[in-house]
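Visitor: this one's structure only:
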């Protein structure tokens, strides 16, 4: 993917690096798809409070999308053609992780939000100050998932038989997310270059995926799973 | 419904009037339902740009919902039980006006937004300053429909045969909205009292529905219909 190990400043990574627009585009499509999925999953809610909570999570994704859309626009990129190339890989993730019930959808909302946050954090580390601030703004708005934690914990406490299938489900979410993220990095050199030049080629990639796993395990524990 | 004709100040309409919370609740459920419907209708979009535009409109409804939720909360009302009583009448409106295609969904998004805005304006006139400001804030955020206007006008220009069925569709939206609004006012005295005390009983109601029709006709003309 990339063969240099200097810091981003040394490599001349700037807000105009081609990876920056590609990054905003993949994140934007991810937010749009998350919006669509959450809006649909809200229909599975057993009560009005659940419908409201998941609908709010969905709307928060769209706010993130709009922020990224504005940034793409500032870079002269129209959001629809910029994001379209990332549709297949993100659609594949969601098709392979379609929740079969309300608890699975809550776990996915929480775990998905967390993985997105991890990804955003990693990305912010690699970016120059100005695009990093955009990413941080999006990140700060991906934390509406107290509701999911509360409900999943309550469900698992009330019915311990849910614990094992939901734990497997959580693992599947992580492994599919990693598979699809690797696919993106393998096919979009400018993204791999942007994200991992500062940390030195493949060790950087490996470290990133390792840290994802650690934080994923923490989140599973928060849900009372794993 | 109500029999006094004084100004709201004379009638002692305050931010604590029981109609205020009922009003915020019916508006909130309306926003939630609009979110759900628009999120679903975005799937009918023929292209990514359309999906994005309608998803953004959906998310804007949820922002309005959250504003109203906060206000209900400030009044000690939990949003779920407060809004639930209004679910049947709003669901009925949407069931009777389910778009069969993309153009119908765009017309509904635009006309529905406009009717909501008219309703919010009328409501703001009747309210004391503080809740009126909440309503005005929600209102200011119901204007994201340029996309719908542009697309509907283009569709009707390209295919004039669409004009007549979409005009009928627009009329049906108005008449269903009026039917369901009257149903709400007939069954919730505190709302009727809040909204129409200042204008003097039934003439006020009649004037309101008349002004809805005038503005509806203007919007239909904007869409190139009617």
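Guide: Looks like it arrived, so ask away. Everything numeric in this text was worked out from a predicted model, so none of it was measured.
Visitor: burial of residue A:53, as a residue count?
Guide: Using other Cβ atoms under 10 Å in any protein chain shown, the number of residues around residue A:53 comes to 23. Heads up, the C-betas are built off the backbone N, CA and C, glycines and all.
Visitor: repeat for residue A:163
Guide: If you count neighbours by other Cβ under 10 Å, residue A:163 ends up with 16.
Visitor: just to check, residue A:147 is in contact with residue A:53?
Guide: Yes - the criterion here is Cβ atoms under 8 Å, and residue A:147 meets it with residue A:53 at 4.0 Å.
Visitor: can you pull the phi and psi angles for residue A:46?
Guide: phi -80, psi -10 (degrees, to the nearest 10).
Visitor: wouldn't it be in contact with residue A:101 here?
Guide: No - between residue A:46 and residue A:101 no contact is recorded; they are 10.0 Å apart, counting by Cβ under 8 Å.
Visitor: and the residue most central in space within chain A, how far from residue A:138?
Guide: The centroid of chain A falls nearest to residue A:116 when counting by Cα atoms, centre = their mean (2.2 Å). Distance, residue A:116 to residue A:138, by Cβ to Cβ, to the nearest Å: 9 Å.
Visitor: next: residue A:192.
Guide: Separation of residue A:192 from residue A:138 (Cβ to Cβ): 21 Å.
Visitor: more neighbours: those two, which one.
Guide: More crowded of residue A:192 and residue A:138, by other Cβ under 10 Å: residue A:138, with 25 against 21.
Visitor: any idea which element the residue nearest to the centre of chain A lies in?
Guide: Taking DSSP states H and E as the criterion, residue A:116 maps to helix A:102-126.
Visitor: what is that helix packed up against?
Guide: Judged by 3 or more Cβ pairs under 8 Å, 6 or more residues apart in numbering or on different chains; DSSP states H and E, the packing partners of helix A:102-126 are helix A:18-41, helix A:48-74, helix A:129-140, helix A:146-158, helix A:163-187, helix A:189-196, helix A:201-222.
Visitor: can you say which of the ones you listed is nearest to residue A:90?
Guide: helix A:18-41 (4.8 Å; Cβ to Cβ).
Visitor: and residue A:224, what pLDDT?
Guide: On pLDDT, residue A:224 comes in at 94.
Visitor: residue A:178 too?
Guide: Looking at residue A:178, its pLDDT is 90.
Visitor: state the distance from the residue lying closest to it once chain neighbours are set aside to residue A:71.
Guide: Leaving aside its sequence neighbours, residue A:178 sits nearest to residue A:209 (Cβ to Cβ, 6 or more residues apart in numbering or on different chains; 5.8 Å). Applying Cβ to Cβ, the value for residue A:209 to residue A:71 is 26 Å.
Visitor: what about the two, which has more around it?
Guide: residue A:71 (25 against 15).
Visitor: residues of chain A that sit close to chain B?
Guide: A:32, A:35-36, A:39-40, A:42-43, A:47-49, A:51-52, A:55-56, A:58-59, A:62-63, A:65-66, A:69, A:79-80, A:83-84, A:87 (Cβ under 8 Å from any Cβ of the partner chain).
Visitor: show the contacting residues for residue A:162.
Guide: Counting by Cβ atoms under 8 Å, 6 or more residues apart in numbering or on different chains, residue A:162 touches A:103, A:155, A:156.
Visitor: right, and the second one touches residue A:103 too?
Guide: Right, the one you point to is residue A:155. Yes - the criterion here is Cβ under 8 Å, and residue A:155 meets it with residue A:103 at 5.3 Å.
Visitor: can you give me the pLDDT of residue A:18?
Guide: pLDDT recorded at residue A:18 is 79.
Visitor: cool, residue A:9 as well?
Guide: 44.
Visitor: equivalent analysis for the one 4 residues further on, please.
Guide: At residue A:13 the predicted local distance difference test score is 64.
Visitor: do the same with the one 10 residues further on
Guide: At residue A:23 the predicted local distance difference test score is 90.
Visitor: neighbour count: residue A:46 and residue A:101, which is higher?
Guide: Per other Cβ under 10 Å, whichever of residue A:46 and residue A:101 has more neighbours is residue A:101, with 14 against 10.
Visitor: excluding chain neighbours, what is closest to the more buried one?
Guide: Leaving aside its sequence neighbours, residue A:101 sits nearest to residue A:44 (Cβ to Cβ, 6+ apart; 6.8 Å).
Visitor: kindly report the same for residue A:31.
Guide: residue A:65 is the one closest to residue A:31 (Cβ to Cβ, 6+ apart), at 3.9 Å.
Visitor: do the same with residue A:136
Guide: Using Cβ to Cβ, 6+ apart and skipping the chain neighbours, the partner closest in space to residue A:136 is residue A:124 (5.5 Å).
Visitor: near the nearest residue to residue A:18 once chain neighbours are set aside, how many other residues are there?
Guide: Once flanking residues are discounted, residue A:18 sits nearest to residue A:190: 4.5 Å by Cβ to Cβ, 6+ apart. By other Cβ under 10 Å, 14 other residues sit near residue A:190.
Visitor: now do residue A:153
Guide: 14.
Visitor: go on, residue A:136?
Guide: 14.
Visitor: okay but residue A:75 is in contact with residue A:19, surely?
Guide: No - assessed by Cβ under 8 Å, residue A:75 is found out of contact with residue A:19, at 11.8 Å.
Visitor: and the two? which has more neighbours close in?
Guide: Legend: neighbour count by other Cβ under 10 Å for residue A:75 and residue A:19, higher for residue A:19 (21 against 15).
Visitor: in the helix holding residue A:116, what's buried?
Guide: The neighbour-count check on helix A:102-126 (16 or more other Cβ atoms under 10 Å in any protein chain shown) flags A:102-120, A:122-124, A:126 as buried.
Visitor: got it, and stretch A:170-181?
Guide: A:170, A:171, A:173, A:174, A:176, A:177, A:178, A:180, A:181.
Visitor: follow-up on the earlier one: got TSV for the helices and strands packed on helix A:102-126, with distance to residue B:185 too?
Guide: Output for the helices and strands packed on helix A:102-126, formatted as TSV (distance: least, Cβ to Cβ, whole Å):
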stretch	distance to residue B:185
helix A:18-41	30
helix A:48-74	23
helix A:129-140	42
helix A:146-158	34
helix A:163-187	46
helix A:189-196	56
helix A:201-222	47
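Visitor: most packed of those?
Guide: Sort these by mean neighbour count, taking mean count of other Cβ atoms under 10 Å in any protein chain shown, and helix A:18-41 sits at the top with a mean of 24.
Visitor: and that helix, what does it pack against?
Guide: Counting contacts by 3+ Cβ pairs under 8 Å, 6+ apart, helix A:18-41 is packed against helix A:48-74, helix A:79-83, helix A:87-96, helix A:102-126, helix A:129-140, helix A:189-196, helix B:18-41, helix B:48-74.
Visitor: next one: the fourth one to chain centre, how far?
Guide: This means helix A:102-126. 4 Å (Cα atoms, centre = their mean, to the nearest Å).
Visitor: got the contact list for residue A:104?
Guide: A:166, A:169.
Visitor: ditto for residue A:71
Guide: Residue A:71 neighbours (Cβ under 8 Å, 6+ apart): A:24, A:131, A:134.
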